[in-house]
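K.L.:
Got a predicted structure here, sequence first:
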2 protein chains.
Amino acid sequence: MTTLTPSGTTRGPAEPTSDARITLRPLAPGRVTVDAGLWRRTADVNRSAAIPVGLEQLGKAGNLRNLEIAAGQAEGEAIGPIFADSDVHKWLEAAAWEYAREPDEQLLADQLRVTALLAAAQADDGYLDSVPMLRNVPRYSDLPWSHELYCAGHLFQAAVAQVRGTGHHDLLDVAVRLADHLVATFGDGDGQLREVDGHPVVEMGLVELYRETGTRAYLDLARWFVEARGTGIIEAHGHGPTYYSDRVPVRGATTVEGHAVRAVYLGAGAADVAIETGDAELLAALETQYRSMEREKQYVTGGLGSRWEGESFGDPFELPPDRAYAETCAAIGGVQWAWRMLLATGEARYGDQIERMLLNGFLAGVSLGGTEYFYVNPLQLRGDAHAEGDRSPANGRLGWFDCACCPPNIMRTVSSLTGYLATTDASGLQLHQYAPGTVTAPLTGGTLRLRVDTRYPDEGRIALHLEEAPEGEATLALRVPAWADGATLDGDPVAAGTYARVTRRFAPGDTVVLDLPLTPRLTVADPRVDAVRGSVAIERGPLVYALEQPDQEDGAVVDDLRFDVAGSLSDEFRPDLLGGVTVVRARGAVVPGPDPDATSPYAPATPTSAPGPAREVALTAIPYYAWANRGPQPMRVWVPVL
Amino acid sequence: MTTLTPSGTTRGPAEPTSDARITLRPLAPGRVTVDAGLWRRTADVNRSAAIPVGLEQLGKAGNLRNLEIAAGQAEGEAIGPIFADSDVHKWLEAAAWEYAREPDEQLLADQLRVTALLAAAQADDGYLDSVPMLRNVPRYSDLPWSHELYCAGHLFQAAVAQVRGTGHHDLLDVAVRLADHLVATFGDGDGQLREVDGHPVVEMGLVELYRETGTRAYLDLARWFVEARGTGIIEAHGHGPTYYSDRVPVRGATTVEGHAVRAVYLGAGAADVAIETGDAELLAALETQYRSMEREKQYVTGGLGSRWEGESFGDPFELPPDRAYAETCAAIGGVQWAWRMLLATGEARYGDQIERMLLNGFLAGVSLGGTEYFYVNPLQLRGDAHAEGDRSPANGRLGWFDCACCPPNIMRTVSSLTGYLATTDASGLQLHQYAPGTVTAPLTGGTLRLRVDTRYPDEGRIALHLEEAPEGEATLALRVPAWADGATLDGDPVAAGTYARVTRRFAPGDTVVLDLPLTPRLTVADPRVDAVRGSVAIERGPLVYALEQPDQEDGAVVDDLRFDVAGSLSDEFRPDLLGGVTVVRARGAVVPGPDPDATSPYAPATPTSAPGPAREVALTAIPYYAWANRGPQPMRVWVPVL
């Protein structure tokens, strides 16, 4: 392993082994820096606010206390959900990748202190999960709901992050003991348990641990969990097999269904298995499933999960904007799955998917200040929406949740985000996401180092300045998003929805300019998406836009706004607004609200039943991710057409 | 009490005392007969199939066994939900009203046998609820969820039905012992429990028992339960106070919220209290709440409850057709509430409401054969809807449910339905619902007896033939539904949405003819009902229509149908179809389904993104209540306009 430098780690999350069947190889987070713009701002508040406050929240919520009790350092009863440890693991992962971005003694000390708690809490045989231990739940007696392997999976991911991000293997030692215990416990062997966890993630975690340690048994167990699922193996726990992605074997499934986070974590874990075992059939099944999800079950924000009931995917085209669940964690899992599919296939569409999910459905999950979170990310909030329960979007973002899966999941995603920007292959370097900063890629002919100059996604010009170039020819492949009709590379038109490639002998001082047209555009949905019939969404570049109440003209209630397609769209960068956003303006109208004297919302379809005359107003839309940063406000992404 | 005759009971459900503050007085079910048509067919299968099969189902599901164990006549553990007894009580109520309609020895013997079980299971101090007893749940230790008072409320309703319907007071004796126990246990007194049940119904039951026995303490306790609620009195049980209608005192609430069945049962019970205590303020609050429900939270089918999550009302105008919950029990509770508001206010709109709910959202809950049931009543079922869990409409109707609240609730409603048809006041007789049969009303000047000749709701002519007339003037008031623009009474135009009245001295042989125009019509929703934007519903008279797959022209997939508003609507009675229904035909089109090559449901809003050319087809709509009688089929009430 290369020695770590303060500039970061040389290996990031989900880096396949050299034997893996992949098309692209990740460029480690440490090889990429982002030094300005949206992602830098997000990373900065993640580091300065979210992660330290997150540790405090884990203290207040009792997660750390549970570990202290399990470690014999305190007395009391376990607090919180059965999977409380997993939030600690996700925080540890965030802290580790953050340390790799820029070392900090306090950050290291904090994570090693928490790691020591985990080590002290671990049972002699490797088992570790504080809440079931403290509640005397017999081990694995309730795997549909106990989340014991879910917690293990997150611990494995955190352990790999810690060793890669800080060089310390304290948590890796814990992870290996736990993983060895799992290998001994689960499988088809005599006396082994033939069961899987109700909530996937252990699959990803085991493969990561295999990648870090080389212990093949971890990969084999991950594959065993993937293959065992889908046979009704999970006993009901108030849910049917669909909920658990346990109705159809992963290898035979043609779509995603059930609990959205579970489904996409399973997809990502199965992709890891397919990549590392060279299982083309499994990978093909995952491609089919991913396509089905993208084609029929994804919100325009990238959000996943249409139903509050079971936090689940709905039927095809069932995509209600108001009751979208679109859990923040589902967007994260979606990114993880898409990233693995991108590595496996090299298809630009997965890069598009990652961008759509990250910049919309994911980023909306966290406040601009970094310390408040949405669990649920709807595409519409009505003016009179009732708030109850900590997941209700009508509350606005909250500092923490009874089930706090999302906040530390956001933290670890942001702290490892530079790992999703670029890859290499034998031909050269691929840039999948664009942010100002530097990329340093070790290619076969030597190092390719470039500076990315851009104000993307506010502006579409992405200029790459070569600072160091390898020997011989190399290819720079730049993702041109599917929406980017009219894009140019060094002035020449390039096709949208694929990579624009420049193959040549590069030299320091060379510049390559990709220009993505960021003209605001209108988007319509397939007519089978009944819930948004007669409506349009505004997009600009990779950003989905929303009308939020504070930006509208006096008296124009968001619930009553209409879009006038005869008008044109204009945009303006507003440095003062919401941390600096480009707003989009459109011609619209406000129609009269409900008649207070009406006795029913239903009326004969006659001309007299039409609402009164519409009043023309200018509509102002902001990026969806930035909504609800001025308190919870009426908002809508899909705007009915006048 | 007047002696019972085989022709039925002289007192029905929810008959206020002579002191009650009401405008209209119910005409007992025994005074009204229905001898043909839709309601007769429904009543016949209820008697011949649903009720006997229901008793078998209660046996198979373990409900009766629970009582046998509690009675010491069998051994074992309780089976089923904590509120299993309530299904027995509802069945008993159904059997009692059915016996009143037409005595039958087996029907009587069955109910007395089940009643004897209840009597034997009752504790010495009057407490009775078999499942908590058998599971050793300490009494009232978990009232948010134990449903102990819910079961009591249903028992009280059944007891009143039994004594009124059969003359036997076996169950009334049990009820009085239980009610006396509740009076001693609950309230503000020293040592009393200051708690209410998570699920209302005991309020209605106690008032009924007060009406039957004259024991004022029962009314007082009902009022106490109504007043105590809405103060956060119910401890969370995975739900917040909204779910339990416990956020705002009933007297201060301006809308309905939370679990729909609970909310409307509470509304009905509070109306009973308001009526019997002359509480004008409470009644006014209930009117406000009912209006809000009707104006913002009710489906066009009358269905109540927009969310699967919490089986609850949604925000105003949140009325998705596909994910409508619209529980059959909520329609029943809605009818009960509307009926009490009708008695209190005499307003025709409550009659309209009862008709809309009964003939659409309620009647869809039961198969034409009477023995299969929907728990959930959506207004749309897509072709590729996934079925899982026994409440999923994609299963079609089922014979029973793990939570079997709906089937016996339907049975008792159908068996007492004649009680909802007519009322009297000092001026004469009011007819609220129309079905062929006879009405015999004891008025101050003597008996008014008339025959109703009609084929309503297939035909709009309702002819009343006087067979016996009272002395002096009397008023016949006939509800003219709000949709019935163009209605005539004896050829003269009458206003819609109120009662058409004829005041004169009637004589045997007189005929009065109300003609309601049943031209099929198109209905649109308030624009704030985002989920059905750009769509129309077909209605004809009181019936809401639906497009169901089997009736459409070859190859026209329901999901892809469009309504052509330039066409006209026609109707035809089809005696062969679905027990005899009037179908409505319209001009429509079928548009191409989703592009199998599409990668996303979202596309730029350009002319080229429009779907391919539509193919003209004739649309055939059937009454909504009759859908899914040919297996579960794609269906939609709201049809997008071409």
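P.N.:
Received, thanks. A quick note: this is a predicted structure, and the numbers were derived from the prediction, not measured.
K.L.:
contacts and neighbour counts: CA atoms only from here.
P.N.:
Fine.
K.L.:
does the residue in the stretch 151-300 of chain A that chain B sits nearest to sit in a helix or strand, and which one?
P.N.:
Per CA to the nearest CA, residue A:295 is where the stretch 151-300 of chain A lies closest to chain B, at 4.1 Å. Assigned by DSSP states H and E, residue A:295 falls within helix A:280-296.
K.L.:
elements contacting the very next helix or strand once past that helix?
P.N.:
The helix or strand immediately downstream of helix A:280-296 is helix A:328-345, counting by DSSP H and E. Applying 3 or more CA pairs under 8 Å, 6 or more residues apart in numbering or on different chains; DSSP states H and E, one finds that helix A:328-345 makes contact with helix A:260-277, helix A:348-356, helix A:406-415.
K.L.:
Now render those helices as CSV, adding mean pLDDT.
P.N.:
Listed next are the helices and strands packed on helix A:328-345 as CSV, based on pLDDT from 0 to 100:
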stretch, mean pLDDT
helix A:260-277, 98
helix A:348-356, 98
helix A:406-415, 98
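K.L.:
quick one, strands of the stretch 51-200 of chain A?
P.N.:
Assigned by DSSP state E, counting those that start in this stretch, the stretch 51-200 of chain A shows no strands.
K.L.:
Show me the residue of it that gets nearest to chain B, please.
P.N.:
For the stretch 51-200 of chain A, CA to the nearest CA, closest residue to chain B: residue A:81, 12.9 Å.
K.L.:
quick one: pLDDT of the nearest residue to residue A:172 once chain neighbours are set aside?
P.N.:
Closest residue to residue A:172 apart from its sequence neighbours, by CA to CA, 6 or more residues apart in numbering or on different chains: residue A:159 at 4.7 Å. Note for residue A:159: predicted pLDDT of 98.
K.L.:
Verify the stated contact: residue A:159 with residue A:94.
P.N.:
No - in this structure residue A:159 lies outside contact range of residue A:94 using CA atoms under 8 Å: 11.0 Å.
K.L.:
Check the contact lists of these two and give me the overlap.
P.N.:
Common neighbours of residue A:159 and residue A:94 are not found (criterion: CA atoms under 8 Å, 6 or more residues apart in numbering or on different chains).
K.L.:
how close does residue A:25 sit to residue A:443?
P.N.:
To residue A:443, residue A:25 is 11 Å away according to CA to CA, to the nearest Å.
K.L.:
So which of these two has more stuff around it?
P.N.:
Taking other CA atoms under 10 Å in any protein chain shown, residue A:25 and residue A:443 do not tie; residue A:25 has more neighbours (23 against 19).
K.L.:
Show me the beta-bridge partners of that one.
P.N.:
residue A:424 (DSSP bridges).
K.L.:
Now do the contacts for it.
P.N.:
Contacts for residue A:25 (CA under 8 Å, 6+ apart) come out as A:15, A:16, A:343, A:423, A:424, A:425.
K.L.:
In this structure the fifth one contacts residue A:24, no?
P.N.:
Yes - proximity of residue A:424 to residue A:24 meets the contact threshold set by CA under 8 Å, at 5.8 Å.
K.L.:
Output the contacting helices and strands for the helix holding residue A:295.
P.N.:
Helix A:280-296 packs on helix A:260-277, going by 3+ CA pairs under 8 Å, 6+ apart.
K.L.:
got the buried residues for the helix it packs on?
P.N.:
Residues A:260-277 are the ones in helix A:260-277 that count as buried (16 or more other CA atoms under 10 Å in any protein chain shown).
K.L.:
same check, this time on stretch A:494-504
P.N.:
For stretch A:494-504, a neighbour-count test (16+ other CA under 10 Å) marks A:494, A:495, A:496, A:497, A:498, A:499, A:500, A:501, A:502 as buried.
K.L.:
Would you mind putting those into CSV with secondary structure, pLDDT and distance to residue B:42 alongside?
P.N.:
Putting these into CSV (DSSP: H, G, I helix; E, B strand; the rest coil; pLDDT from 0 to 100; distance: CA to CA, whole Å) gives the following:
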residue, secondary structure, pLDDT, distance to residue B:42
A:494, coil, 98, 68
A:495, coil, 98, 64
A:496, coil, 98, 61
A:497, coil, 97, 59
A:498, strand, 98, 62
A:499, strand, 98, 65
A:500, strand, 98, 68
A:501, strand, 98, 71
A:502, strand, 97, 75
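K.L.:
May I ask which two of those are separated the most?
P.N.:
Spanning the widest gap among the buried residues of stretch A:494-504 are A:497 and A:502, at 16.1 Å by CA to CA.
K.L.:
how far away is the most centrally placed residue in chain A from chain B?
P.N.:
Among the residues of chain A, the one closest to the centroid is residue A:332, at 2.0 Å (CA atoms, centre = their mean). According to CA to the nearest CA, to the nearest Å, residue A:332 stands 19 Å off from chain B.
K.L.:
State the distance from the closest residue to that residue other than its chain neighbours to chain B.
P.N.:
The spatially closest residue to residue A:332, leaving aside those adjacent along the chain, is residue A:362, at 6.6 Å (CA to CA, 6+ apart). Residue A:362 sits 19 Å away from chain B, going by CA to the nearest CA.
K.L.:
Okay, now the unreliable bits of chain A?
P.N.:
Applying pLDDT under 70 to chain A flags the ranges A:1-8, A:607-612.
K.L.:
Please settle this for me: is residue A:539 part of a helix?
P.N.:
No - assigned with DSSP: H, G, I helix; E, B strand; the rest coil, residue A:539 falls outside any helix and is strand.
K.L.:
is it true that residue A:588 lies in a strand?
P.N.:
Yes - assessed with three-state DSSP, residue A:588 lies in a strand.
K.L.:
contacting residues for it?
P.N.:
Contacts of residue A:588 (CA under 8 Å, 6+ apart): A:561, A:562, A:563, A:564, A:567, A:616, A:617, A:618, A:619, A:642.
K.L.:
The fifth one: how many residues sit nearby?
P.N.:
With neighbours defined by other CA under 10 Å, the count for residue A:567 comes to 12.
K.L.:
which one is it nearest to, not counting chain neighbours?
P.N.:
The shortest distance from residue A:567 to any non-neighbouring residue, by CA to CA, 6+ apart, is to residue A:587 (5.1 Å).
K.L.:
Please tell me I have it right and that neighbour contacts residue A:553.
P.N.:
No - between residue A:587 and residue A:553 there is no contact under CA under 8 Å: 11.6 Å.
K.L.:
Done for today, thanks.
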